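*Asks:* Coordinates for the following, if possible.
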Amino acid sequence: MLCGVTDLVAKLLSAAAAARTIKAFWQSAAHTFSERWGGARVRLSYAGLREAGTVLAGHGTTGPPRESEWVDPQGRRVQLAVETDPDLPLPGLAEIACRLGAMVALRLGLERDRRLGTFLMELSRWLLAAPERDLMLRYTMQSVMNLVEAQGAYVALREPAGGAGEGSTLRVVTAIGTGVEMHGLELPLEASVTGRVVRTGQPVNTENILAEPDSYTPADLSRTARAAMIVPLNTSSGVAGAAGVIRYMQLGAQEPPPPFGLVELHYFTAVAAHIAGGLELTQAVTATREAATRAAAMVNGSPLPLALVNSVGRVQQLNEAGRRVFGLSEVGEALGHTIEALGLSSSGTSFADVLAAAARAAPWHGRVVIVQPSGDRRICDCTTTVLSGLGSDDVLVALYDRTDELRAQRELIAREQLATVGEIASGVAHEVNNPLAAIRMEAELLKRATRDPDTDAAASTIVREVDRAARIVRSLLRLARRGDTDPVRVQLNELVRDVAEIRQRVLRSDNVELRTELDMAAPPILGLGQELQQVVINLVTNAEHAVRAAGPGMIQLTTKAREGWVRFTVEDSGPGVAPEIRNRIFDPFFTTKGPDEGTGLGLSICQRVVAEVGGRIWLEDSEALGGAKFVVELPAAPERVESTTIG
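*Replies:* Numbering: from 1, shown residues only. A predicted model of the protein is given here:
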């Protein structure tokens, strides 16, 4: 007999381990008992803490039924009836079955708790992604319905009345499973179970929702609905609605589905809190997106070019005015690229340094150059502002296109240039080329006719000096000729040499020495030759004015190649620039000269011309000569790329 009990218990243990539901375990237990007694009719009735029922196994009748009942201290009850004369004690088997049933219920409860806990964590991560409302509700309710073994689920939300305020009805916005027929249904707030939950803020757990006093069951709602859990969706602004899960009568079932337990209600309430938070989050995201859409429309409608870049200068957003100033056919062409790669360059420093400076201090203001894909150059005033007030390290780049304004100023520059050229040419005789040609011809004839070495040497000196004078005249003519309208490659050394050639003799008579130190390895720069000549002339003219007032003096012109740049400096031995006016020397019409000596536009013109080519100009003290030192840095012209034909 002991061996028979052991075998039977082993089979019951296997059935308990394999069971996925309480009912499945009791069915397996009944079949195991029936097989043990040769297929005899077996009836097992069980009543646990959450479920109860009766299962049958076997067939036929070989004798009067034998019955036994076991009740454990927690109130679980098992009745075992077999229609045969059993060879094993029924009370002991009923106890074993009851205890195994309790173990199965405990295991299934723990597994359900684990699944619910895992689901809550997954739901939290899902809600942080701020999905679209209906997708979030459908995913959540489908998962809850499966976890609590329900057949239908729904979510009803308050519906505004007349477009304003809280309404008196609820609308089912999500319905799945057997409850899908409820989708779109209106539930009265004052006359439905769901409405009661929303009004009171208290959950409802009922064995039969149709038996509730305020049950609302229109014709299209299934009459097979039974057990239901309905919980409120509490948000920071009040109860926004309710969520429910329902168990239905199954086809052919004799007994109603079991009610939901207290643990399931607690879990569903926790899930409802997540759903309410998700609703608030999706509403906030929707409102934020709408605000962003309005802001984007305002930005795109602005006539001011605006670009939003991240902390390293990659473009996040560009409005239509910005697209035009960068010469792009589509706004999307800028996204993901650095603003420098789109052709923007600031004077004297990389734009990445500009962004870093804007992040550390107040908004940065300066002049920038934009080279469009077509080669057209736009000169813009630029302001960069870090959006720290919005909790972001993104930078708003605002541009003001001054290209047309600067082009209009060229007429003023031309007039200033004519005045400067007139001042330089005042000591040069008109139509000097003809006398120079005659002198050179006579000197050549003299060289051929004489045999005296001294006379020959004197004639050679005359020829050499005449050639020098001719070069000066040619330099003067180059300065006065009409300038280029499109940027060209310009050798800065040639511009400096021309000005020095013209002014050296004149300055020497005023006891001023003009020295040059030219870096012959300096690369060309890209710009308008005539305007760059004007920069050299204006700076030299300022230096002349400074040293003439101080008696014997010196002016030093220097060019120096730097990595990607060419530096040009003009130093003088004059008194320098007083500290109190240094911040005004580049202002238009500011001058320290007399009324008849200057207009105050020279340095302002220099600053504009230098900025147009992407360079910068500033003032320093000259350590070598003791006076002022103006420094100009100009970007080197890109190397020409020769096209190659592959045949």
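
*Asks:* Identify each buried residue in stretch 240-248, please.
*Replies:* Across stretch 240-248, burial judged by 16 or more other Cβ atoms under 10 Å covers 240-248. (Glycine included, C-beta is placed from N, CA and C.)

*Asks:* What about these, which are in strands?
*Replies:* By the criterion of DSSP state E, membership of the buried residues of stretch 240-248 in strands covers 240-248.

*Asks:* Let me know the closest of these to A19.
*Replies:* Closest approach between these and A19, by Cβ to Cβ: R247, at 20.0 Å.

*Asks:* looking at it, the closest one is touching G261, isn't it?
*Replies:* No. Contact criterion Cβ atoms under 8 Å: R247 and G261 do not qualify, at 11.9 Å.

*Asks:* do you know how far Q250 is from T178?
*Replies:* 10 Å (Cβ to Cβ, to the nearest Å).

*Asks:* quick one: which of these two has more around it?
*Replies:* Neighbours were counted for Q250 and for T178 using other Cβ atoms under 10 Å; T178 has more, 18 against 13.

*Asks:* What residues are bridge-paired with the residue lying closest to that one once chain neighbours are set aside?
*Replies:* Spatial nearest neighbour of T178, excluding adjacent residues (Cβ to Cβ, 6 or more residues apart in numbering): G152 at 4.1 Å. Using DSSP bridges, the bridge partners assigned to G152 are G177, I246.

*Asks:* Can you give me the neighbour number for the nearest residue to V71 once chain neighbours are set aside?
*Replies:* Once flanking residues are discounted, V71 sits nearest to R77: 4.9 Å by Cβ to Cβ, 6+ apart. Residues near R77, counting by other Cβ under 10 Å, number 15.

*Asks:* Which other helices and strands does the stretch of helix or strand V263 belongs to contact?
*Replies:* Here V263, judged by DSSP states H and E, is contained in helix 262-301. The helices and strands touching helix 262-301, judged by 3 or more Cβ pairs under 8 Å, 6 or more residues apart in numbering; DSSP states H and E, are helix 90-128, helix 133-147, strand 225-235, strand 238-248.

*Asks:* Distance from the chain centre to it, please.
*Replies:* Centroid displacement of helix 262-301 relative to its chain, using Cα atoms, centre = their mean, to the nearest Å, is 21 Å.

*Asks:* Same question for stretch 318-337.
*Replies:* On Cα atoms, centre = their mean, the centre of stretch 318-337 falls 16 Å from that of its chain.

*Asks:* now do stretch 535-553
*Replies:* Worked out by Cα atoms, centre = their mean, stretch 535-553 lies 52 Å from the chain centre.

*Asks:* Give me the residue ranges of the stretch 201-350 of the chain where confidence is low.
*Replies:* 218-221, 291-292, 295, 347-349 (pLDDT under 70).

*Asks:* change it to 90
*Replies:* 211, 213-224, 235-238, 249-264, 266-268, 270-325, 327-350 (pLDDT under 90).

*Asks:* Okay, strands next: where are they in the stretch 451-600 of the chain?
*Replies:* Ranges of strands in the stretch 451-600 of the chain, per DSSP state E, counting those that start in this stretch, are 488-490, 512-517, 525-527, 553-562, 565-572.

*Asks:* Now do the third one, average pLDDT.
*Replies:* Meaning strand 525-527. What strand 525-527 shows for mean pLDDT is 84.

*Asks:* And for the fourth one?
*Replies:* For strand 553-562, the mean pLDDT works out to 90.

*Asks:* name the helices or strands packed onto that strand?
*Replies:* helix 492-509, strand 512-517, helix 529-548, strand 565-572.

*Asks:* Now it: buried residues?
*Replies:* In strand 553-562, counting by 16+ other Cβ under 10 Å, buried: 553-559.

*Asks:* Which residue ranges of the stretch 351-500 of the chain form helices?
*Replies:* 351-360, 403-424, 433-449, 453-480, 492-509 (DSSP state H, counting those that start in this stretch).

*Asks:* Any chance you could list what contacts the first one?
*Replies:* Spelled out, it's helix 351-360. Residues from elsewhere that reach helix 351-360 (Cβ atoms under 8 Å, 6 or more residues apart in numbering): 309, 311-313, 338-340, 344-346, 364, 366, 368, 384-386, 393, 395.

*Asks:* Let's see which of these end up in strands.
*Replies:* Counting by DSSP E, the contacts of helix 351-360 contribute 309, 344-346, 364, 366, 368, 384-386, 395 to strands.

*Asks:* CA atoms only for stretch 140-158, dumped as PDB, please.
*Replies:* Output of stretch 140-158 as PDB, limited to C-alpha atoms (Å, rounded to 0.1, in the frame of the first residue of the first chain):
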ATOM      1  CA  THR A 140      -1.400  48.900 -21.500                       C
ATOM      2  CA  MET A 141      -5.000  47.500 -21.300                       C
ATOM      3  CA  GLN A 142      -4.100  44.600 -23.600                       C
ATOM      4  CA  SER A 143      -1.300  43.600 -21.200                       C
ATOM      5  CA  VAL A 144      -3.500  44.100 -18.100                       C
ATOM      6  CA  MET A 145      -6.300  42.000 -19.600                       C
ATOM      7  CA  ASN A 146      -3.900  39.100 -20.300                       C
ATOM      8  CA  LEU A 147      -2.300  39.300 -16.800                       C
ATOM      9  CA  VAL A 148      -5.500  39.200 -14.800                       C
ATOM     10  CA  GLU A 149      -7.100  36.600 -17.200                       C
ATOM     11  CA  ALA A 150      -9.900  38.900 -18.300                       C
ATOM     12  CA  GLN A 151     -11.600  38.800 -21.700                       C
ATOM     13  CA  GLY A 152     -12.300  42.500 -22.200                       C
ATOM     14  CA  ALA A 153     -10.900  45.900 -21.200                       C
ATOM     15  CA  TYR A 154     -11.700  49.600 -21.800                       C
ATOM     16  CA  VAL A 155     -10.700  53.200 -20.900                       C
ATOM     17  CA  ALA A 156     -13.300  56.000 -20.600                       C
ATOM     18  CA  LEU A 157     -12.300  59.600 -20.400                       C
ATOM     19  CA  ARG A 158     -14.200  62.800 -19.500                       C
END
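
*Asks:* taking the mean pLDDT, what do you get for it?
*Replies:* 88.

*Asks:* what would the ones in strands among the buried residues of stretch 240-248 look like in TSV with distance to A57?
*Replies:* What follows is these, written out as TSV (distance: Cβ to Cβ, whole Å):
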residue	distance to A57
A240	50
G241	47
A242	43
A243	40
G244	37
V245	32
I246	32
R247	26
Y248	27
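
*Asks:* Name the nearest of the residues you listed relative to T32.
*Replies:* The closest of these, once distances to T32 are taken by Cβ to Cβ, is R247, at 28.8 Å.

*Asks:* Can you name the residues that contact the closest one?
*Replies:* By Cβ under 8 Å, 6+ apart, the neighbours of R247 are 149-151, 226-228, 257-258, 260.
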